[in-house]
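> Pasting the sequence and the predicted model now:
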Amino acid sequence: MKSKIAACVREVVPSVIRQMSILASKYDNVISLGIGEPDFHTPAQICEAALADARAGHTHYTPSRGDAELLEALRRLIREKRGIELDMSELLITHGGMGGLNGFLRAALEPGDQVLVPEPHFPTYKAQICFAGGEIVYVPVRYEEGFVLQPDAVRRALTPRCKVLILNSPNNPTGSIMSGEILDELARIAVEHDLLVLSDEVYERLVFTGRHDSIYTRPGMPERTVVVNSFSKSYAMTGWRMGYAYGAAWLIEEMLKVITYQTSCASSVGQRAALAALRADERIFEEMAREFGRRCAYVYERLHAIPGVRVLPAAGAFYMFPDISAVDSDCRRFATDLIKEEQLVVIPGAAFGPSGCGFVRLACTVNMERTKEAMDRLERFIRRRISA
């Protein structure tokens, strides 16, 4: 009967992140640095505002593009914070950041079209490309280059069938950020080879070194780029499943078709919560970002001091991606044994693509007390391995 399932679904492997979580559920006193979800609860004022709006009747379908007040608030945010003036035809609300990713790929790809994906990468990219009928073309990103995508690597990977380039900065899983100079050159490549660009910027507010920049602002890019963003990470709203996308109107309009016939619209109550988040005191979210930065800095110092481990500081997001290949050549075995022996969850780097082999991802998403305990467990585990 399995042959009756679509090949594009059969080819997608189960989530390694979920598999690690299932294994960990068999143990007590587990600390998870696995799933990339903030430990902060959604601020109370957002929940209270959403509840009040629900009681006031905001429980019906919204237009497929999104709640008018939320769209206008986002237009104002993007103008004030990023200097980008958008027409309403260039913006829409999505079911989380993944909804924007899915809508773009479904709208853009024909069967056999190829998508350039820097890797290590967010695992959802591969699955979504497959579901949309496309083919993934990996562009390896190296530790020795700070896990920053190099334009020459993109040029080497290009084929005549490449249609889309996906960018993700700040990056999951590596925590790297692309400089303005890199983005300038990538924009020239996109124009030269007539590529569409999907810029995944869900971690844009979580920047610890330098500043966030977007390829969208480069010459020739607004007409070929869609930026995907989310309320999940920066506003501690993962369960609300709220995102948005903006960019070339001709692309956004086609994405709107996908969203209209796939989900009708995003949650009306979720959209009111997102509106409340945009109206909330910015200092709440700035402090969240600073706390993630403090945790990443602490984890870096601890990892840097452990024999056999190579690690780069995180410039953004809330991930660390250390090289543990000198401790164990099999990163999945390393992560599995770490759960069994120390009840600590990390994600094997192979889950993020071939270049992730020999690495593990740590999400700095537990409080500092638990973070310190997690690092004690990890160091104890590694030192046992080295001395064995």
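Great, that's in hand.

> And for the nearest residue to Asp184 once chain neighbours are set aside, the neighbour number?
Leaving aside its chain neighbours, Asp184 sits nearest to Arg218 (6.2 Å; criterion: C-beta to C-beta, 6 or more residues apart in numbering). Heads up, the C-betas are built off the backbone N, CA and C, glycines and all. Per other C-beta atoms under 10 Å, the neighbour tally for Arg218 reads 20.

> how near is Arg218 to Tyr61?
Note on Arg218: its distance to Tyr61, by C-beta to C-beta, to the nearest Å, is 37 Å.

> do Ala127 as well
Ala127 is 28 Å from Tyr61, by C-beta to C-beta.

> Between those two, point out the one with more neighbours.
Between Ala127 and Tyr61, Ala127 has the larger neighbour count (other C-beta under 10 Å), namely 18 against 8.

> The more buried one against Glu11, yeah?
No: using C-beta atoms under 8 Å, Ala127 is not in contact with Glu11, being 9.1 Å away.

> Any idea how far apart the tips of stretch 259-279 sit?
The first and last residues of stretch 259-279 sit 26 Å apart, counting by C-alpha to C-alpha, to the nearest Å.

> What residues of that stretch count as buried?
Buried residues in stretch 259-279, defined by neighbour count with 16 or more other C-beta atoms under 10 Å: 259, 263, 265-268, 270-278.

> what is the mean pLDDT for the helix or strand encompassing Cys8?
In this assignment (DSSP states H and E), Cys8 forms part of helix 7-10. Here helix 7-10 scores 83 as its mean pLDDT.

> Quick one: list the elements packing against the helix or strand hosting Val299.
Element membership of Val299 [criterion: DSSP H and E] is helix 282-304. Here helix 282-304 touches strand 319-320, helix 368-387, going by 3 or more C-beta pairs under 8 Å, 6 or more residues apart in numbering; DSSP states H and E.

> what is the orientation angle of the last one with helix 282-304?
This points to helix 368-387. Orientation check (axes from the mean of the first three to the mean of the last three C-alpha atoms, to 10 degrees): helix 368-387 against helix 282-304 gives 20 degrees.

> by contact count, what packs against helix 368-387?
strand 31-32, helix 282-304, helix 331-342, strand 344-345.

> Poorly predicted segments of the chain, please.
1-2 (pLDDT under 70).

> Tell me the spacing between the residue nearest to Asp184 and Met255.
21 Å.

> Please apply the same query to Leu51.
Distance, Leu51 to Met255, by C-beta to C-beta: 30 Å.

> So between these two, which is more surrounded?
Met255 (26 against 14).

> where does that one land in three-state SS?
Here Met255 is recorded as helix under DSSP: H, G, I helix; E, B strand; the rest coil.

> so what's it up against?
92, 100, 103-104, 106-107, 226, 245 (C-beta atoms under 8 Å, 6 or more residues apart in numbering).

> Equivalent analysis for Glu85, please.
Arg79.

> my read is it is in a helix, agree?
No: with three-state DSSP as the criterion, Glu85 is coil rather than part of a helix.

> can you map out the strands along the protein?
Listed from the start of the chain, the chain has strands (DSSP state E) covering 31-32, 91-95, 114-119, 135-140, 162-168, 196-200, 225-230, 242-247, 319-320, 344-345, 347-348, 360-363.

> can you put the ones you listed in CSV and add mean neighbour count and distance to Ser179?
Conversion of these to CSV gives the following (neighbours: other C-beta atoms under 10 Å; distance: least, C-beta to C-beta, whole Å):
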stretch, mean neighbour count, distance to Ser179
strand 31-32, 20, 32
strand 91-95, 25, 27
strand 114-119, 24, 14
strand 135-140, 18, 17
strand 162-168, 23, 13
strand 196-200, 24, 15
strand 225-230, 26, 18
strand 242-247, 27, 22
strand 319-320, 26, 19
strand 344-345, 24, 32
strand 347-348, 28, 27
strand 360-363, 28, 23
